[in-house]
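Novice: the following block contains a protein sequence and its predicted model.
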Amino acid sequence: MEVVILAAGQGKRMRSALPKVLQPIAGRPMLEHVIAAAQTLEARRICVVHGHGGEAVRTRLQHAGVQWALQEPQLGTGHAVLQALPHLTDGDMALVLYGDVPLIGVPTLRRLEATAGGERLALLTVELPDPAGYGRILRDAAGRVVRIVEEKDASADERRVREVNTGILVAPVARLRGWLERLGNDNAQREYYLTDIIGMAVAEGVEVTTVQPDAVWETLGVNSKPQLAELERIHQRNIATRLMEDGVTLFDPARIDVRGEIKCGRDVEIDVNCVFEGRVELADDVKIGANCVIRNARIGAGSRLAPFSHVEDTVTGRDCAIGPYARTRPGTTLGDGVHLGNFVEVKNSAIADDSKANHLAYIGDADIGRRVNVGAGTITCNYDGANKYRTTIEDDVFIGSDTQLVAPVRVGRGATLGAGTTLTKDAPEDQLTVSRAKQISIPGWKRPVKKRAEK
């Protein structure tokens, strides 16, 4: 099996400088979804026909491992597939897909491939209550497909047909090559229609078969932002359904966005308006509060994220408590039982078991031991304007509120830092270290008053 993906359209109705096939569904370009489906089919070769915004498309998807064919100018779907022919091999079957039909299902495509066998032309068709805008499937009295007529070229009777062409088909490459080379453009659009090969196949005695998709939404294309939003919600609804079937509790299945991969253990709960990006793993009994954003993270069993927490490139142990309004940035590793409270930010740091920073703290480029208490208003001063340095805090340290640790600096095991300390040298273990100005009171001091403007 070889796959041709048509992705040359301009997408004027998108009203965007971004090429249509790069518009995102679940955080990935539509075209990338289609390529992924082709790769799942284990296609021997995937050729993407690009045109408008072609260099941007190729640059964005250069990792995809596909071959590229340029369609310039764009003269219709038949002309587009013709550009891919030099990449196809006679003796193989070719599957034609579309870069703006991102939700096509692999099981549907496998059935289409099986129906085509090695010599038939197989079409993916669908019956719609309102077929306006689609090419109609025309059959003879015996029910055999004889041709497809585009709506602009259809008669009144033909427009009443509800079975329509999706454009997705499988055909023998050698036959396809001959049909495409004979295409004409005698139609309302003056374009070379891929659908005209159906009549050629019938004339040559090639059997034309049809398959219906598992769901109509698999065949929906995107030409505008409202249609893009519609498919986004369909896709997210499907993800939500699979999660719930696997035992995840979603407080509202209509208010979750998965823009990557999510893997959940048993008894996971997810509140409303949460966004998951990249690869996310939620272990057993994890609870995610409302309005959280989680990107490329592994959350340990029994851990809790309170509302409005942001977790990125982070690994947590068991029974951690994060938030509300907490943020962990790339390179964060939390041990078991770690607590990060409201407005605490952690970046590129390791915090060991049972340590906590419950209020208004910044922990950057730090290694924190077990059972450490980080007081409110504490920050690690890790950046001198040019270079970054690490802070090491050993086990059982107590750090008072409003402390600044000027890296590089080490706090020894069991040490206590008094509130308001600015630590610029290592603090010895099991001792109290205090650095603060002497408190004084000035008798007779008068607070300044605002001068009145002269009239």
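Specialist: That came through, no problem.
Novice: can I get stretch 300-307 in CSV, CA atoms only?
Specialist: Extracted C-alpha coordinates of stretch 300-307, given in CSV (Å, rounded to 0.1, in the frame of the first residue of the first chain):
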residue,chain,number,x,y,z
GLY,A,300,2.7,9.8,41.1
ALA,A,301,-0.1,7.8,42.7
GLY,A,302,-2.3,9.5,45.2
SER,A,303,-1.1,13.0,44.2
ARG,A,304,-3.4,16.0,44.1
LEU,A,305,-3.2,19.1,41.9
ALA,A,306,-5.4,21.9,43.3
PRO,A,307,-7.1,24.3,40.8
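Novice: mean confidence score for it?
Specialist: The average pLDDT for stretch 300-307 rounds to 98.
Novice: what's the domain layout of this protein?
Specialist: 2-219, 249-433 (automatic domain parsing).
Novice: give me the number of residues near Ala283?
Specialist: As a burial measure, Ala283 scores 19 neighbours (other CB atoms under 10 Å). Where you see a C-beta, it was placed from the backbone N, CA and C, and this is true even at glycine.
Novice: dump the residue contacts of it.
Specialist: Gly265, Arg298, Ile299, Gly300, Ala301, Gly302, Ser303, Arg318 (CB atoms under 8 Å, 6 or more residues apart in numbering).
Novice: would you list the phi and psi of it?
Specialist: Main-chain dihedrals, Ala283, degrees, to the nearest 10: phi -80, psi -180.
Novice: that one and Lys263, how far apart?
Specialist: Distance, Ala283 to Lys263, using CB to CB, to the nearest Å: 9 Å.
Novice: check Glu394 too.
Specialist: 35 Å.
Novice: neighbour count: the two, which is higher?
Specialist: Neighbour count, other CB under 10 Å: between Glu394 and Lys263, Glu394 has more, with 19 against 13.
Novice: please tell me I have it right and that one contacts Ala427.
Specialist: No. Contact criterion CB atoms under 8 Å: Glu394 and Ala427 do not qualify, at 9.6 Å.
Novice: between those two, what contacts are shared?
Specialist: Joint contacts of Glu394 and Ala427 (CB under 8 Å, 6+ apart) are Arg410, Val411, Gly412, Ala415.
Novice: would you write a PyMOL line that selects the buried entries of the residues you listed?
Specialist: Typed into PyMOL, the line below selects the buried ones among the shared contacts of Glu394 and Ala427, using 16 or more other CB atoms under 10 Å:
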select buried, resi 410+411+412+415
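Novice: for the shared contacts of Glu394 and Ala427, which one is nearest Gln83?
Specialist: Closest approach to Gln83 among those (CB to CB): Arg410, at 64.5 Å.
Novice: Thr77: what's it in contact with?
Specialist: Residues in contact with Thr77 (CB under 8 Å, 6+ apart) are Leu6, Gly167, Glu191, Tyr192, Tyr193, Leu194, Thr195.
Novice: Serialize the residues you listed to CSV and add fields for pLDDT.
Specialist: Formatted as CSV, these follow (pLDDT from 0 to 100):
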residue, pLDDT
Leu6, 96
Gly167, 94
Glu191, 87
Tyr192, 90
Tyr193, 88
Leu194, 93
Thr195, 88
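Novice: top of those residues by neighbour count?
Specialist: Highest count within the contacts of Thr77 by other CB under 10 Å belongs to Leu6, 28 neighbours.
Novice: strands along the stretch 351-455 of the chain, start to end?
Specialist: All strands of the stretch 351-455 of the chain, identified by DSSP state E, counting those that start in this stretch, fall at 356-359, 362-364, 366-368, 373-374, 379-381, 391-393, 398-399, 404-406, 409-411, 416-417, 422-423, 432-433.
Novice: could I get these in CSV, plus columns for mean pLDDT?
Specialist: Putting the strands of the stretch 351-455 of the chain into CSV (pLDDT from 0 to 100) gives the following:
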stretch, mean pLDDT
strand 356-359, 96
strand 362-364, 98
strand 366-368, 98
strand 373-374, 98
strand 379-381, 98
strand 391-393, 98
strand 398-399, 98
strand 404-406, 97
strand 409-411, 98
strand 416-417, 97
strand 422-423, 96
strand 432-433, 97
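Novice: counting contacts, what elements does whatever helix or strand Val126 lives in pack onto?
Specialist: Applying DSSP states H and E as the criterion places Val126 in strand 121-127. Counting contacts by 3 or more CB pairs under 8 Å, 6 or more residues apart in numbering; DSSP states H and E, strand 121-127 is packed against helix 106-116, strand 163-172, helix 197-203, strand 208-211.
Novice: can you say which of these is nearest to Arg259?
Specialist: Judging those by CB to CB, what sits closest to Arg259 is helix 106-116, at 20.1 Å.
Novice: how far off centre is that closest one?
Specialist: With CA atoms, centre = their mean, to the nearest Å as the basis, helix 106-116 stands 26 Å off its chain's centre.
Novice: pull the residues that contact it.
Specialist: 1, 37, 40-41, 93, 95, 122, 124, 168-171, 209-211, 213-214, 218.
Novice: let me see the contact set for Asp365.
Specialist: By CB under 8 Å, 6+ apart, the contact set of Asp365 is Lys347, Asn348, Ser349, Thr380, Asn382, Lys388, Tyr389, Arg390, Thr391, Ala407.
Novice: which residues pair with the first one across the strands?
Specialist: Which is Lys347. Beta-bridge partners recorded for Lys347 (DSSP bridges): Gly364.
Novice: show me what contacts it?
Specialist: Applying CB under 8 Å, 6+ apart, the residues contacting Lys347 are Thr328, Arg329, Pro330, Gly331, Thr332, Ile363, Gly364, Asp365.
Novice: what are the phi and psi values at the fourth one?
Specialist: It refers to Gly331. phi 90, psi 10.
Novice: which other residues reach stretch 405-423?
Specialist: 365-366, 369, 375, 378-382, 388-404, 424-436.
Novice: now with 6 Å?
Specialist: 380-382, 389-404, 424, 426-436 (CB atoms under 6 Å, 6 or more residues apart in numbering).
Novice: in it, what's buried?
Specialist: By 16+ other CB under 10 Å, the buried positions in stretch 405-423 come out as 405-407, 409-412, 415-418, 420-421, 423.
Novice: got the end-to-end distance for stretch 340-358?
Specialist: 5 Å (CA to CA, to the nearest Å).
Novice: buried set for that stretch?
Specialist: 340-341, 344-358.
Novice: using a markdown table, please lay out the contacts of Thr77 together with distance to Gly135.
Specialist: Formatted as a markdown table, the contacts of Thr77 follow (distance: CB to CB, whole Å):
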| residue | distance to Gly135 |
| --- | --- |
| Leu6 | 15 |
| Gly167 | 8 |
| Glu191 | 12 |
| Tyr192 | 14 |
| Tyr193 | 8 |
| Leu194 | 10 |
| Thr195 | 5 |
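Novice: which ones among the residues you listed lie within strands?
Specialist: Filtering the contacts of Thr77 for membership in strands, criterion DSSP state E, returns Leu6, Gly167.
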